[in-house]
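Student: missing the sequence, but the structure's below:
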């Protein structure tokens with residue numbers, strides 16, 4: 001009995017331990033086992049390399065470095081578009097490579113399908129190699145972060161490639177990649193493409209002048225906008241333009257030159273015409289009477305008898321001169337009418353603006369009229385002004401109060417002489 005009683009507690013302890021081990025085993029089976037902490041996938045933001053000129057580098061080396069930069073950025077979380085894809089998408093709009101305005105950047109984002117682009121400068125002067133990269137947000141047109149710059153004073157081929165990798169890594173540190181959801185632009189704006197003949201006209205949208213000149217592509221909100229196109233020397237054109245979300249509207253205008261009529265040209269033409277007609281009539285009369293007899297009381301005119309009087313009219317020179325003058329006036333009047341009615345010459349807008357600026361700079365500024373100075377004249381009936389005596393010098397023996405505040409000056413008394 002005692003042995004049985006002693007073995008009972010042991011059996012109970014073993015049973016409890018077995019139950020605990022069984023529970024731990026079940027928990028270990030049901031709980032997933034992690035091999036270690038896993039890193040999150042990179043955002044994989046799509047970008048493009050648009051402006052990266054290589055100065056002093058051969059074309060085959062340029063292609064190799066461009067591909068190295070692209071592969072490094074792809075490894076660090078960006079999805080860089082291949083150079084051939086960028087060229088194909090921008091083949092029809094080459095002016096987007098040199099964007100400097102917000103509207104151009106907006107059009108570039110729409111064509112490439114990215115929000116941010118890589119720009120930079122690559123130079124090789126002798127043995128020195130320098131690389132500068134920056135990231136630009138096409139939605140705002142501003143740089144995302146300060147440029148990443150790497151310089152190698154004396155570089156071999158391998159060191160140049162390492163410099164490109166370091167510059168790409170520094171760029172990613174300054175401007176980390178974002179997810180694709182942050183690069184999707186809402187389709188709440190449309191595009192307005194404008195072209196004019198001649199180009200270079202000013203663009204005003206809703207009474208606000210834009211910095212772009214035609215040809216230009218503008219990013220506008222949906223709705224109806226007031227468009228005004230103006231060029232120096234050409235008529236202003238005003239139109240209503242409706243822009244839809246996510247669509248592009250293309251417009252082309254042929255500007256009409258302003259009629260550059262001078263106010264004195266037409267009156268001068270009419271005056272010359274009237275004078276020419278008068279001289280022509282006078283010339284005809286003079287030539288008609290040339291060689292005819294001069295009738296006088298001593299030699300009266302006899303009807304039916306010609307060349308009876310000895311004196312004859314000699315009007316040939318005067319008549320011919322009057323005819324020549326009439327012809328010259330007629331030609332001048334015709335030219336004046338022609339220039340007054342002819343269409344003005346079409347010329348580039350930049351040339352007209354340059355001439356206008358030069359004329360404005362050459363003209364002297366308007367002279368300001370001098371301000372009149374009014375001097376009050378003394379009236380004989382007005383009483384004379386009272387004279388005030390100068391303040392007396394302070395006495396050396398006076399106290400500080402008398403020296404600080406001088407006594408008030410007294411007006412001089414007038415003395416009237418008395419008759420004896």
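Tutor: Thanks, I have it. Just so we're clear, the structure is a prediction, and the values are computed from it rather than from any experiment.

Student: tell me the SS of residue 232?
Tutor: Assigned by DSSP: H, G, I helix; E, B strand; the rest coil, the conformation of residue 232 is coil.

Student: what about it, how many neighbours?
Tutor: Neighbours of residue 232 under the rule other CB atoms under 10 Å: 19. Every residue, glycine included, has its C-beta placed from N, CA and C.

Student: what is the neighbour count of the nearest residue to residue 207 once chain neighbours are set aside?
Tutor: Excluding the flanking residues, the one nearest residue 207 by CB to CB, 6 or more residues apart in numbering is residue 226, at 6.8 Å. Residue 226: 13 surrounding residues under other CB under 10 Å.

Student: let me know whether residue 226 touches residue 237 as I believe.
Tutor: No - using CB atoms under 8 Å, residue 226 is not in contact with residue 237; the gap is 11.7 Å.

Student: before we move on, the earlier item: which ones are touching the residue nearest to residue 207?
Tutor: 204-207, 238, 240 (CB atoms under 8 Å, 6 or more residues apart in numbering).

Student: report the beta-bridge partners for it.
Tutor: Here residue 226 shows beta-bridge partners residue 240, assigned using DSSP bridges.

Student: ok, which stretches of the stretch 151-300 of the chain are helices?
Tutor: 157-174, 265-289 (DSSP state H, counting those that start in this stretch).

Student: residues near the residue lying closest to residue 203 once chain neighbours are set aside, how many?
Tutor: Nearest residue to residue 203, sequence neighbours excluded (CB to CB, 6+ apart): residue 210, at 4.6 Å. Residue 210 has 15 neighbouring residues, counting by other CB under 10 Å.

Student: low-confidence ranges in the stretch 51-200 of the chain?
Tutor: 180-188 (pLDDT under 70).

Student: do the stretch 301-420 of the chain as well
Tutor: For the stretch 301-420 of the chain (pLDDT under 70), the answer is 301-308, 342-346, 352, 355, 359, 363-420.

Student: re earlier: what about the contacts of residue 226, which one has the most neighbours?
Tutor: Ranked by the number of neighbours (other CB under 10 Å), those place residue 205 first, at 19 neighbours.

Student: wait, that residue sits on residue 223?
Tutor: No - contact criterion CB under 8 Å: residue 205 and residue 223 do not qualify, at 11.4 Å.

Student: show me the contacts for residue 113.
Tutor: Residue 113 makes contact with 46, 89 under the criterion CB under 8 Å, 6+ apart.

Student: and if we set it to 7 Å?
Tutor: Residues near residue 113 by CB atoms under 7 Å, 6 or more residues apart in numbering: residue 46.

Student: now the strands for this protein?
Tutor: Using DSSP state E, the strands found in the chain span residues 45-51, 54-55, 78-80, 116-125, 128-137, 142-143, 148-152, 190-197, 202-205, 208-213, 216-220, 223-230, 237-243, 248-254.

Student: need the contact list for residue 339.
Tutor: Neighbouring residues of residue 339 by CB under 7 Å, 6+ apart: residue 265.

Student: from residue 272, how far out is it?
Tutor: Separation of residue 339 from residue 272 (CB to CB, to the nearest Å): 13 Å.

Student: ok, now residue 354?
Tutor: Look at residue 354 and residue 272: by CB to CB, they are 34 Å apart.

Student: cool, residue 56 as well?
Tutor: Distance from residue 56 to residue 272, counting by CB to CB: 68 Å.

Student: more neighbours: these two, which one.
Tutor: residue 272 (20 against 11).

Student: nearest residue to that one other than its sequence neighbours?
Tutor: Excluding the flanking residues, the one nearest residue 272 by CB to CB, 6+ apart is residue 333, at 3.7 Å.

Student: isn't that neighbour right next to residue 269, touching?
Tutor: Yes - counting by CB atoms under 7 Å, residue 333 does reach residue 269; the two are 4.9 Å apart.

Student: buried residues, stretch 140-155. List them.
Tutor: For stretch 140-155, a neighbour-count test (16 or more other CB atoms under 10 Å) marks 141, 144, 147-148, 150, 152, 155 as buried.

Student: returning to what we had before: next, format the strands of the chain as a markdown table and append distance to residue 65.
Tutor: Shown next, in a markdown table, are the strands of the chain (distance: least, CB to CB, whole Å):
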| stretch | distance to residue 65 |
| --- | --- |
| strand 45-51 | 11 |
| strand 54-55 | 7 |
| strand 78-80 | 14 |
| strand 116-125 | 7 |
| strand 128-137 | 9 |
| strand 142-143 | 22 |
| strand 148-152 | 12 |
| strand 190-197 | 34 |
| strand 202-205 | 39 |
| strand 208-213 | 34 |
| strand 216-220 | 32 |
| strand 223-230 | 44 |
| strand 237-243 | 42 |
| strand 248-254 | 36 |
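
Student: so which of these gets nearest residue 106?
Tutor: With CB to CB as the criterion, residue 106 lies closest to strand 216-220 of these, at 3.6 Å.

Student: please convert the contacts of residue 226 to CSV, extending it with pLDDT.
Tutor: Shown next, in CSV, are those (pLDDT from 0 to 100):
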residue, pLDDT
204, 92
205, 91
206, 90
207, 89
238, 92
240, 93
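
Student: now residue 63: how far from residue 127?
Tutor: Residue 63 sits 22 Å away from residue 127, going by CB to CB.

Student: so between the two, which is more surrounded?
Tutor: Applying other CB under 10 Å to residue 63 and residue 127 shows that residue 63 carries more neighbours, namely 13 against 10.

Student: distance of that one relative to residue 145?
Tutor: Using CB to CB, we find residue 63 at a distance of 27 Å from residue 145.

Student: just residue 329 next, same as before
Tutor: For residue 329 relative to residue 145 (CB to CB), the value is 76 Å.

Student: cool, and residue 92?
Tutor: Distance, residue 92 to residue 145, by CB to CB: 31 Å.

Student: how about the closest residue to residue 192 other than its chain neighbours, what does it touch?
Tutor: Once flanking residues are discounted, residue 192 sits nearest to residue 218: 4.5 Å by CB to CB, 6+ apart. Residues near residue 218 by CB under 7 Å, 6+ apart: 103, 192, 205, 210, 212.

Student: OK, contacts around residue 80?
Tutor: By CB under 7 Å, 6+ apart, residue 80 lies in contact with 47-49, 70, 73-74.

Student: next, count neighbours for the residue lying closest to it once chain neighbours are set aside.
Tutor: Nearest residue to residue 80, sequence neighbours excluded (CB to CB, 6+ apart): residue 70, at 4.5 Å. Other residues near residue 70 come to 21 when the count uses other CB under 10 Å.
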